[in-house]
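Participant: Turn this into a structure:
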Amino acid sequence: MMSSPDELARMRTYDVEIGISEAIRRHATRHVVPPKPVSERTLNFEHRRPRWLRECVAEATGVFFYVFSGLCSIASFILNSQNELGVTAYGSFFQIGWAFATGIMFAIIVAGPTSGGHFNPAVTICFALWQGFPWKKVPHYIFSQIIGSMVAGLLVMGMYWQEIKKLKEATLAAHQPLVSATGPAGILVSFPGADQTNLGYLFFVEFFVDSFIGLVIWSSIDPANPFVSPTTAPIVIGMAYGVMVWGVAPLTISTNLARDLGCRIVAAMFFGGEAFAYRSYCWIAILVNVPATIFSTLFYEVFLRDSLAKIGTGKASHKDGEEGLRRFLTKTGALEGPKTERSGNSTHIEVMKSS
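Facilitator: Numbering: from 1, shown residues only. As a prediction, the model looks like this:
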C-alpha cells in the first residue's frame, strides 16, 4: 500500500507520528547488495588448500592480532611516558590492559573459527591432554604461534623505529641499560623492575596469573557452562587477560610462551643477547606458562567438570554409546530400570528420577 503525500511530507519533516519505523526499515534494506555467488573456481581453490596450512596461518594471525595490539599500546606508553614538564603524557597500564584484552577478542573472532583459537602453546598442549587434540598437530601449532609473535614484534619495531631510535640514543647517553623494564627492549617483552631480584617471587606471580587465565579459558569453552556462549567467550577470555594486566603487570608478567619467546627473539636481534640473559628471568617468562596452565586445567577437570551436563546438552556422548550411558545412569540411581524404547534405528532411554 502506497503512502499518501501527507504521510510522506510528515516523514520528510522527521515527524515521528505515522509509519516512521517502516520508512526507516525500507530505507535501511533497499540498498543491500546481494551476496556474490560462490564460483566453482573458489570452491576448487578452497578444496585444494591444505588444512594444515590454514590452521598454521590462523594460529599465527591470531597471535599477531593479540601481540601487535598489546605491543603498540606498550610502545606508546614507554615512548611517550613524559612530556617536557615531566608529567605522564600518554598511556597507562589501564590502556595496555584494554589493548591486550581487545586484541585477544579480535584474534578469536578473526582466526578462531579456522584453527580453534588456541593462540598459546600451553593451551594447545592442554587441548591435547584433555580434549583429544591430535598430538601430531601440536608442534606446527606452537611454531606458528611463535612466528605470529615474531612478526608482530618486527612490525612494531618498524613502525616505531624513529621513536625507538631516539629513546635508544637517550638511554645510552644517560648510561642506562637498553634492556630493562623501562628501556627500549621493554617495549617487546617484560623484564623485572630494579627492585625485583627474587626469582622465586616472580615465579609465583607468573604461575598464579597464568593459572587464573587458564581457568577462565577452560571454563569459557566448557559447553556445559550456562553463563558463557560461543559469542561471549572472546569477551570473557579477553577480560581475563585485561584484569591480570591491570592488577599484576607492574609486578612483571608474561602470560604466554609464544608471545614472550617470539618477541624476545626480536628483542635479541635489536638489543643483543642480554634480552635472554637479563637477571636469568627469561625462563620464567617463557616456560612457567605451560605448567601453570596444565595445573589450572587439571584443577577444572578434576573438581569442576560436569561431563553428564555436557552430555545432556548434546555436546558430548558416552564412549560406549547409549548403552554405556544407560548402565551409568542405572548404577547411580538416575534410572529405575533398563527400560528402553526403540524407535526407528535409534534407542531412546526413558530417564525416571528416583523419588
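
Participant: Outline the domain layout of the protein.
Facilitator: 50-304, 317-349 (automatic domain parsing).

Participant: State the mean pLDDT of the last one.
Facilitator: The predicted model assigns domain 317-349 a mean pLDDT of 70.

Participant: quick one: the helices in the stretch 251-355 of the chain?
Facilitator: 257-271, 274-277, 282-287, 289-299, 307-312, 321-332 (DSSP state H, counting those that start in this stretch).

Participant: Let me see the residues that make contact with the third one.
Facilitator: If I follow you right, that is helix 282-287. 189-190, 199, 202-203, 206, 254, 257, 260-261, 264, 275-276 (Cβ atoms under 8 Å, 6 or more residues apart in numbering). Backbone N, C-alpha and C define where each C-beta goes, glycine included.

Participant: Name the residues of stretch 159-172 that are buried.
Facilitator: Under the neighbour-count criterion of 16 or more other Cβ atoms under 10 Å, stretch 159-172 has Tyr160, Glu163, Ile164, Leu167, Lys168, Thr171 buried.

Participant: swap in stretch 188-203?
Facilitator: Leu188, Val189, Ser190, Phe191, Pro192, Gln196, Leu202, Phe203.

Participant: What score does the most centrally placed residue in the chain have for pLDDT?
Facilitator: With distances taken as Cα atoms, centre = their mean, the chain has Ile104 as the residue nearest its mean C-alpha position (4.0 Å). If you check Ile104, the pLDDT there is 97.

Participant: In contact with it, which residues?
Facilitator: By Cβ under 8 Å, 6+ apart, the neighbours of Ile104 are Phe65, Tyr66, Phe119, Pro234, Ile237, Gly238, Tyr241.

Participant: hang on, it in a helix?
Facilitator: Yes: judged by DSSP: H, G, I helix; E, B strand; the rest coil, Ile104 forms part of a helix.

Participant: Give me the spatial nearest neighbour of it, chain neighbours excluded.
Facilitator: In space, and not counting its chain neighbours, Ile104 is closest to Gly238: 4.2 Å by Cβ to Cβ, 6 or more residues apart in numbering.

Participant: The stretch 1-150 of the chain: helices as residue ranges?
Facilitator: 5-12, 20-29, 40-48, 51-79, 93-115, 121-130, 138-159.

Participant: circling back: looking at the buried residues of stretch 159-172, spot the one nearest Met269.
Facilitator: Nearest to Met269, judged by Cβ to Cβ, of those is Ile164 at 12.9 Å.

Participant: and the strand or helix carrying that closest one, what other elements does it pack with?
Facilitator: Using DSSP states H and E, Ile164 sits in helix 161-173. Applying 3 or more Cβ pairs under 8 Å, 6 or more residues apart in numbering; DSSP states H and E, we find helix 161-173 packed against helix 51-79.

Participant: Just the buried residues of the helix it packs on, please?
Facilitator: 55-79.

Participant: quick one: it to helix 40-48, angle?
Facilitator: Counting by axes from the mean of the first three to the mean of the last three Cα atoms, to 10 degrees, helix 51-79 lies at 90 degrees to helix 40-48.

Participant: Run the angle between helix 51-79 and helix 257-271 for me.
Facilitator: 60 degrees.

Participant: name the helices or strands packed onto helix 51-79?
Facilitator: Using 3+ Cβ pairs under 8 Å, 6+ apart, the elements in contact with helix 51-79 are helix 93-115, helix 138-159, helix 161-173, helix 257-271.
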